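[1] Okay, predicted coordinates and the sequence, questions at the end:
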Amino acid sequence: MCPVLVRIDPDRLEVEALKEAASWRTWRVLDVGCGDGRLSQRLAGLGALVTGIDPARDCLREARECLPKRLAARVRYRVGDAQKLAFPNQSFDGVVFSWSL
């Protein structure tokens, strides 16, 4: 089942906080522990190119299924471990790690 972003953050406080934190447009962002992709979607909506990683394949399946078509070119999901990142240095302009513990 896809998360309903409005229920999770009805006042869009998370998006407003993200807007204040950085200018995401064209940033390459790693979303560590992306889970169902909620934050990845929000970052992509702000213009970021997002790679979401999570060790749970079922979460990634849900994230892919719930990804709106309008954001599909801006988001990739893959299995990954926060302790063993499989990316070359300088692959990303920023990293987010939210609700992942």
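    Ah, there it is.
[2] Can you show me the strands along the chain?
    28-32, 49-54, 75-79, 94-97 (DSSP state E).
[3] and among those, the most buried is which?
    Each of the strands of the chain was scored by mean neighbour count; the highest is strand 49-54, a mean of 24, by mean count of other C-beta atoms under 10 Å. Every residue, glycine included, has its C-beta placed from N, CA and C.
[4] so who does the spatially closest residue to Arg78 that is not a sequence neighbour touch?
    Distances taken as C-beta to C-beta, 6 or more residues apart in numbering place Ile53 nearest to Arg78, at 5.8 Å, with adjacent residues excluded. Neighbouring residues of Ile53 by C-beta atoms under 8 Å, 6 or more residues apart in numbering: 30-34, 77-82, 85.
[5] and which of those residues is nearest Trp24?
    Nearest to Trp24 among the contacts of Ile53 is Asp31, at 11.7 Å by C-beta to C-beta.
[6] Skip the chain neighbours and tell me the closest residue to that closest one.
    Gly52 (4.2 Å).
[7] Now for the nearest residue to Asp93 once chain neighbours are set aside, how many residues are close by?
    The shortest distance from Asp93 to any non-neighbouring residue, by C-beta to C-beta, 6+ apart, is to Trp27 (4.2 Å). By other C-beta atoms under 10 Å, 16 other residues sit near Trp27.
[8] Quick check, Trp27 in contact with Val96.
    No. Contact criterion C-beta atoms under 8 Å: Trp27 and Val96 do not qualify, at 10.5 Å.
[9] and Leu85, how many neighbours does it have?
    A count of nearby residues for Leu85, using other C-beta under 10 Å, gives 15.
[10] what's the residue most central in space within the chain in contact with, if anything?
    Central residue of the chain (C-alpha atoms, centre = their mean): Ser40, 1.9 Å from the mean position. Applying C-beta under 8 Å, 6+ apart to Ser40 gives the contacts 31, 34, 50, 52, 63, 75, 77.
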